[in-house]
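Peer 1: Predicted model and sequence follow; I will ask about them next.
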Amino acid sequence: MFLVAESESHVSLQSEVFVRRLNEFVSLWYTFGGGTRLDIGSDTRPALKVLGPSSAELENGKATLMCVANKGFPSDWSLSWKTSDSSGSSSIRGEESRTPGVLQNDGLYSWSSTLTLTADQWGKVGSVTCEATQGSQTLVSEILRRDQCSQS
């Protein structure tokens, strides 16, 4: 089991936890200070799902792709995008946005990231890859090929 303390600057400290019974109440507020979150759990790789753009959105000249990461731990997994054109030789740049990790009832986290392209850019895409990374954990990735989408 690992102790992960994250401050507002998102620096993670990991160390083994030694637990002993205390005979008096100890406030974690004074131990860690304000703005600090204490995560206790085992490293868990999230499951990724990439969702393609809707046909209605494409008709309006825009293509938003979403990557949903579910059931990961700790909360500081990062999501990023890679795109390639249909020949696989060059990348296509779009606008990325991310949500912070949301703690679920099971103690694991979920996140999402969107990649926004123009409909013209989407027409040139061969594939998009969503990647999740966290510290020394093994990379998790999910690929969506444009020809897998019914709106291609």
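Peer 2: Everything's here; your move. Numbers count the residues shown, from 1 in each chain.
Peer 1: How is the residue most central in space within the chain assigned, secondary-structure-wise?
Peer 2: Most central residue of the chain, judged by C-alpha distance to the mean C-alpha position with Cα atoms, centre = their mean, is residue 79 at 3.8 Å. Under DSSP: H, G, I helix; E, B strand; the rest coil, the three-state class of residue 79 is strand.
Peer 1: ok, and the closest non-adjacent residue to it?
Peer 2: residue 113 (3.9 Å; Cβ to Cβ, 6 or more residues apart in numbering). Bear in mind the C-beta positions are built from the backbone N, C-alpha and C, glycine included.
Peer 1: Quick check: the one you found vs residue 51, distance?
Peer 2: Applying Cβ to Cβ, to the nearest Å, the value for residue 113 to residue 51 is 11 Å.
Peer 1: list residues touching both of those two?
Peer 2: 66, 67 (Cβ atoms under 8 Å, 6 or more residues apart in numbering).
Peer 1: More neighbours: which of those two?
Peer 2: For residue 113 versus residue 51, neighbours defined as other Cβ atoms under 10 Å are more numerous around residue 113 (22 against 15).
Peer 1: how far out from the middle of the chain is the helix or strand where that one lies?
Peer 2: Per DSSP states H and E: residue 113 is located in strand 109-118. With Cα atoms, centre = their mean, to the nearest Å as the basis, strand 109-118 stands 8 Å off its chain's centre.
Peer 1: Quickly run through the sheet partners of that strand, with directions.
Peer 2: Using DSSP bridges, strand 109-118 pairs in its sheet with strand 62-72 (antiparallel), strand 95-98 (antiparallel), strand 102-103 (antiparallel).
Peer 1: wouldn't residue 146 be in contact with residue 125 here?
Peer 2: Yes: in this structure, residue 146 is within contact of residue 125 by Cβ atoms under 8 Å, at 4.9 Å.
Peer 1: Perfect, I'm done here.
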